[in-house]
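Undergrad: A structural model of the following input is requested.
(one chain, ligands or ions: 3)
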Amino acid sequence: MSQRWTLLLLGLLAPSFSFASQSFENTAIVRTVELGGSLVHVTTTYAVKALEAGSSVYTIALEQQQKERTSWAEAKIKGQSNALELQDLGYDEESNTYLYDVHLPKALGTDASINLVFETVETHATYAWPPTARQEDEQKLKYNTSLFIISPYHTAVQRTKFKAPSNRVVAWSTPENLDAFTLENPVTKSGATITYGPYSNISPSANAAFIGAYQSTIGIHYFYDYPVLAISEYKRAAEISHWGANLNIEDEIHLRNAGPKLKGQFSRLAHQTQSFYQKSSPHVLSSMNLHLPAGISNAYFLDLNGNVSTSHLRSTPSVARNAKAPHYSLFEMKPRYPIMGGWNYSFTLGWDSPLADSGSWDAKAQKYVVAVPVMTLFPSTVIDNAELKIVLPEGATDVDVITPFPASVAAISNHVTYLDTTGRPTLNFYYKTLTDKHNQVVYVTYKVPFSAHLKKPLAVATAFMGLFTLALAGRRVNLSLHRKL
Ligand SMILES: *[C@@H]1O[C@H](CO)[C@@H](O)[C@H](O)[C@H]1NC(C)=O
Ligand SMILES: *[C@@H]1O[C@H](CO)[C@@H](O)[C@H](O)[C@H]1NC(C)=O
Ligand SMILES: *[C@@H]1O[C@H](CO)[C@@H](O)[C@H](O)[C@H]1NC(C)=O
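TA: Ligands and ions are numbered 1, 2, ... in the order given. From the prediction side, this is the model:
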């Protein structure tokens, strides 16, 4: 708590000041863009040199389009696993850009240098081009972004690398009039990588003057051999039952194939012929492998027409919490029919798991602790809107939560079912644009007054508490601000 407040106060005392008074130089910037479907991972490494002693706040700038696409951002020192405090300063009128302050663990002396890694996930940043495709056509996507990586500081040299999924790239832009920054070829392709730069001697660029004079948009048009998937709505209900020693999870999912829209009629025969020759169209979703927790039982997969019996679950028994082996059950999800570009598919996925796999009794706090995953990971898929509902045992009190990242809205209510007398406290979290980086857990702690007879099902797992503490230390959990609902 105190650390967070100190940072906030510093921010207040020195508003846009901190930016001008702390000077750095970028000795090199390398941006790597992993071209994908509905998710694009961007990693920018800043080799930074301090120009004066006591420099501890480095500012990163994004342009509007990049900022709007970014649903997750993290800064680290290269080679280290702990994330640095990253303060989102929002829109800066003076520079017409969006700023983040990265707080270095300790101030740098004059001429000291450091490598900062800034990682973001962009969502819905690509689009199918052409926007329609016949069943047997290939799938091509376009992605565009700004040519220059902008920064409030002078940059000695910078380059951007686009990594396409394969060596086959349809087309890419060739920027012009770059004589001020390079005398070489402004763009080169080698295998699946297209490199813009090196561009040298770039003056501070996070300002309207530089952007107006030099910035331009570059685009890459590439083949993408997997369906482009988006989940428009993801509703998870997690119900904790001490009587049954059970954690029940039910997911209601509206999946959309966001690839090129199907041109013409869908032909099952053509699809079967293609599948027979193992040449299934890249933009058609026929099946998907999902990792569900180990130890689950009573799994079900329903769509609007009922039980979907073509799917297959390979359940793995529950494992000790510190086991190294992969501990998940493999669910081969096979929709009732192949999902073509532009089609939606709504389904429900549910299962039971032993409460002891995710819950324990914290003797010190005299509270139960249950870890509830925010979502099931759907590979390379963005979730536009998510709701996580956690239903606690009847009469639970002293409810606290520790969330891995802030929700857009959080609320607590009382859920009364016909068996209950006092109702079950219910937590609701709403999220926007979740990605693979958000596949984390919410910890809920609570007391149950009649603990004497309820305690039985939850074995006291001291080892788990150790792990739990470690997990917290390793994350950027803001205990103070999101704790109380
Ligand atoms: C860049 O991509 C966006 C979609 O993300 C699109 O709306 C826009 O027209 C593209 N801009 C250019 C200059 O191609
Ligand atoms: C639903 O389908 C699964 C196969 O995925 C099958 O094992 C199960 O018995 C079916 N359930 C019902 C109620 O038909
Ligand atoms: C699919 O769902 C989206 C909203 O998620 C909706 O806008 C669209 O019209 C739906 N498409 C079809 C073909 O039903």
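Undergrad: Which pLDDT value goes with the closest residue to G54 other than its chain neighbours?
TA: Leaving aside its sequence neighbours, G54 sits nearest to A107 (C-beta to C-beta, 6 or more residues apart in numbering; 4.7 Å). C-beta coordinates here come from the backbone N, C-alpha and C atoms, glycine included. At A107, the pLDDT value in this model is 93.
Undergrad: Spell out the secondary structure type for A107.
TA: strand (DSSP: H, G, I helix; E, B strand; the rest coil).
Undergrad: Just the pLDDT at the residue of the stretch 301-450 of the chain found nearest ligand 3, thanks.
TA: The stretch 301-450 of the chain approaches ligand 3 most closely through N344 (3.7 Å), counting by C-beta to the nearest ligand atom. With respect to pLDDT, N344 scores 96.
Undergrad: same question, the one 10 residues further on
TA: Here the pLDDT value assigned to P354 is 94.
Undergrad: Now do the contacts for it.
TA: By C-beta atoms under 8 Å, 6 or more residues apart in numbering, the contact list for P354 reads A245, N246, L247, G295, S318.
Undergrad: Surely the first one and S358 touch.
TA: No. Contact status for A245 versus S358: not in contact, 11.3 Å apart, counting by C-beta atoms under 8 Å.
Undergrad: between those two, who's got more neighbours?
TA: Each of A245 and S358 has its neighbours counted (other C-beta atoms under 10 Å); S358 has more, 23 against 17.
Undergrad: okay if I get the contacts of P354 as JSON lines plus pLDDT and distance to ligand 1?
TA: Below are these laid out as JSON lines (pLDDT from 0 to 100; distance: C-beta to the nearest ligand atom, whole Å):
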{"residue": "A245", "pLDDT": "92", "distance to ligand 1": "48"}
{"residue": "N246", "pLDDT": "95", "distance to ligand 1": "44"}
{"residue": "L247", "pLDDT": "97", "distance to ligand 1": "39"}
{"residue": "G295", "pLDDT": "91", "distance to ligand 1": "41"}
{"residue": "S318", "pLDDT": "79", "distance to ligand 1": "43"}
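Undergrad: Give me the neighbour count for A238.
TA: By other C-beta under 10 Å, the residues close to A238 number 22.
Undergrad: Please apply the same query to H438.
TA: 18.
Undergrad: Same question for N167.
TA: Neighbours of N167 (other C-beta under 10 Å): 11.
Undergrad: Confirm for me that it is in contact with T193.
TA: No. In this structure, N167 is not within contact of T193 by C-beta under 8 Å, at 9.3 Å.
Undergrad: thinking again about what came up before, can you tell me, leaving aside adjacent residues, what's nearest to the residue of the stretch 301-450 of the chain closest to ligand 3?
TA: Counting by C-beta to C-beta, 6+ apart, N344 lies nearest to R256, which is 5.1 Å off, once chain neighbours are set aside.
Undergrad: In contact with N26, which residues?
TA: Counting by C-beta under 8 Å, 6+ apart, N26 touches Y46, A47, V48, K49, S151, Y153, H154, T155, A156, Q158.
Undergrad: Please list only the buried members of those.
TA: Buried residues within these, defined by neighbour count using 16 or more other C-beta atoms under 10 Å: Y46, A47, V48, K49, S151, Y153, H154, T155, Q158.
Undergrad: Just to check, the second one is in contact with E25?
TA: No. With contacts defined as C-beta under 8 Å, A47 does not count as touching E25, sitting 9.5 Å away.
Undergrad: how about D400, secondary structure?
TA: Under three-state DSSP, D400 comes out as strand.
Undergrad: Which residues does the closest residue to it other than its chain neighbours form beta bridges with?
TA: Of all residues not flanking D400 in the chain, T445 sits nearest, at 4.8 Å (C-beta to C-beta, 6+ apart). Under DSSP bridges, the beta-bridge partners of T445 are V369, D400.
Undergrad: Around T445, count how many other residues there are.
TA: 17.
Undergrad: Same question for the one 3 residues further on.
TA: The criterion is other C-beta under 10 Å. On that basis, V448 has 20 neighbouring residues.
Undergrad: Okay, it and ligand 2: tell me how far apart.
TA: 33 Å (C-beta to the nearest ligand atom, to the nearest Å).
Undergrad: and what of K437?
TA: Where ligand 2 is concerned, K437 sits at a distance of 31 Å (C-beta to the nearest ligand atom).
Undergrad: swap in T188?
TA: On the measure of C-beta to the nearest ligand atom, T188 and ligand 2 end up 50 Å apart.
Undergrad: Repeat that for K67.
TA: Taken as C-beta to the nearest ligand atom, the span from K67 to ligand 2 is 43 Å.
Undergrad: wait, what's in contact with the residue nearest to that residue when sequence neighbours are not counted?
TA: In space, K67 comes closest to Y98 once its chain neighbours are excluded; the distance is 4.0 Å by C-beta to C-beta, 6+ apart. Counting by C-beta under 8 Å, 6+ apart, Y98 touches A61, L62, E63, Q64, Q66, K67, L89, G90, Y91, D92.
Undergrad: next helix or strand past the strand or helix carrying Y98?
TA: Taking DSSP states H and E as the definition, Y98 sits inside strand 97-108. The C-terminal neighbour of strand 97-108 among helices and strands, as given by DSSP H and E, is strand 113-123.
Undergrad: still on that earlier bit, kindly format the C-alpha coordinates of the strand holding Y98 as CSV.
TA: The C-alpha coordinates for strand 97-108 follow below in CSV (Å, rounded to 0.1, in the frame of the first residue of the first chain):
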residue,chain,number,x,y,z
THR,A,97,0.3,10.9,-27.5
TYR,A,98,-0.4,8.4,-24.7
LEU,A,99,2.2,8.0,-22.0
TYR,A,100,3.3,5.3,-19.6
ASP,A,101,5.9,5.9,-16.8
VAL,A,102,8.1,3.0,-16.0
HIS,A,103,9.5,3.2,-12.5
LEU,A,104,13.0,1.7,-12.4
PRO,A,105,13.9,-0.3,-9.3
LYS,A,106,16.7,2.1,-8.5
ALA,A,107,17.9,5.4,-10.0
LEU,A,108,20.6,5.3,-12.7
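Undergrad: Now do that strand: distance to the chain's middle.
TA: 22 Å (C-alpha atoms, centre = their mean, to the nearest Å).
Undergrad: which residue ranges form the strands in the stretch 101-250 of the chain?
TA: 113-123, 126-128, 132-133, 140-146, 154-163, 169-172, 187-190, 193-202, 217-223, 229-241, 246-257 (DSSP state E, counting those that start in this stretch).
Undergrad: rank those by pLDDT, which is bottom?
TA: strand 132-133 (a mean of 94).
Undergrad: what sits up against that one?
TA: Q139, G259, P260, K261, L262, K263, H283, G341.
Undergrad: Pull out the buried residues from the contacts of P354.
TA: The neighbour-count criterion (16+ other C-beta under 10 Å) marks A245, N246, L247, G295, S318 among the contacts of P354 as buried.
Undergrad: show me what contacts V33?
TA: With contact set as C-beta under 8 Å, 6+ apart, V33 has these partners: V40, H41, V42, Y143, T145, T160, K161, F162, K163.
Undergrad: Name the secondary structure element that contains it.
TA: Using DSSP H and E, the element containing V33 is strand 24-34.
Undergrad: relative to strand 229-241, how tilted is the next helix or strand after that strand?
TA: Once strand 24-34 ends, the next helix or strand along the chain (criterion: DSSP H and E) is strand 39-50. For strand 39-50 against strand 229-241, the angle by axes from the mean of the first three to the mean of the last three C-alpha atoms, to 10 degrees is 90 degrees.
Undergrad: Would you mind measuring from the residue of the stretch 201-350 of the chain found nearest ligand 1 to A83?
TA: Closest residue of the stretch 201-350 of the chain to ligand 1, C-beta to the nearest ligand atom: T217 (4.4 Å). As judged by C-beta to C-beta, to the nearest Å, T217 and A83 stand 30 Å apart.
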